[in-house]
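S.K.: When you get a sec, could you give me coordinates for this:
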Amino acid sequence: MVVLAVTEKGSLSGPQRESLDAIQQSLDQAALSRVQDHTVFRTRENAAWFRIMELLQEIDDDQLARGSHGQVSGLQLSEQSDFYRGKLVRLRGTAKRGYRITAPRNPLGIQEYSVLYVRPQDTDSPVVLFCLETPAGFPRLASRDKDGQITELNQPLAVTGYFFKSWVYLAEADAV
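M.R.: Numbering: from 1, shown residues only. The predicted model follows:
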């Protein structure tokens, strides 16, 4: 039985590993099916959100590049959100503003993350990135919850990450 094998000290056989992977994929799909576009974050989306964060903590840069569905546009993400949800995508644009924020209590031990408002190359509609880290040499971001500040940027970037949802948020005029 797979569940018993997981609790034992020995390593898993190939078929046991495949069974566990299939179960995890089913759980991931069930969690992603609860994500609803054109809304703010909802509690029922937490399982999918934290699973994506867990995957980001485990994946290295080579795996990110190999697993990506390739370059997408902001328009593609907006119009085909169901297709891209939970998939690795690559996006190019310009980060216009950003900040660091303390993460809510979570099972992954994530203490804080960055939020970037990006203007994709193809549209004026912003894409909001939640990043566990920013690249070396990226401008230092203000801490929004500690000092209430947001860092204004004009930083070109190319990013690979998991698409989560088409999000509704309060925006200021000309925010990006």
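S.K.: name the helices or strands packed onto the longest strand anywhere in the chain?
M.R.: When the chain is parsed with DSSP state E, its longest strand is strand 88-102. Secondary-structure packing of strand 88-102 (3 or more C-beta pairs under 8 Å, 6 or more residues apart in numbering; DSSP states H and E): helix 74-79, strand 112-120, strand 127-131, helix 144-147, strand 151-162. Heads up, the C-betas are built off the backbone N, CA and C, glycines and all.
S.K.: and the next element down the chain from the longest helix along the chain?
M.R.: Criterion DSSP state H: the longest helix present in the chain is helix 14-32. Counting by DSSP states H and E, the next helix or strand C-terminal to helix 14-32 is helix 46-58.
S.K.: Could you give me the buried positions within that following helix?
M.R.: The neighbour-count check on helix 46-58 (16 or more other C-beta atoms under 10 Å) flags Ala47, Ala48, Trp49, Arg51, Ile52, Met53, Leu55, Leu56 as buried.
S.K.: do stretch 88-96 as well
M.R.: Buried-residue list, stretch 88-96, by 16+ other C-beta under 10 Å: Leu88, Val89, Leu91, Arg92, Gly93, Ala95, Lys96.
S.K.: Ignoring the adjacent residues along the chain, who's closest to the fourth one?
M.R.: The shortest distance from Arg92 to any non-neighbouring residue, by C-beta to C-beta, 6 or more residues apart in numbering, is to Ala158 (4.7 Å).
S.K.: still on that earlier bit, the buried residues of helix 46-58 into a markdown table, with extra columns for pLDDT?
M.R.: Shown next, in a markdown table, are these (pLDDT from 0 to 100):
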| residue | pLDDT |
| --- | --- |
| Ala47 | 90 |
| Ala48 | 93 |
| Trp49 | 90 |
| Arg51 | 92 |
| Ile52 | 93 |
| Met53 | 91 |
| Leu55 | 92 |
| Leu56 | 90 |
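S.K.: ok, those vs Leu32, which is closest?
M.R.: Ala48 (4.9 Å; C-beta to C-beta).
S.K.: so who does that closest one touch?
M.R.: Taking C-beta atoms under 8 Å, 6 or more residues apart in numbering as the contact definition, Ala48 lies against Asp28, Ala31, Leu32, Arg34, Val35, Gly86, Phe164.
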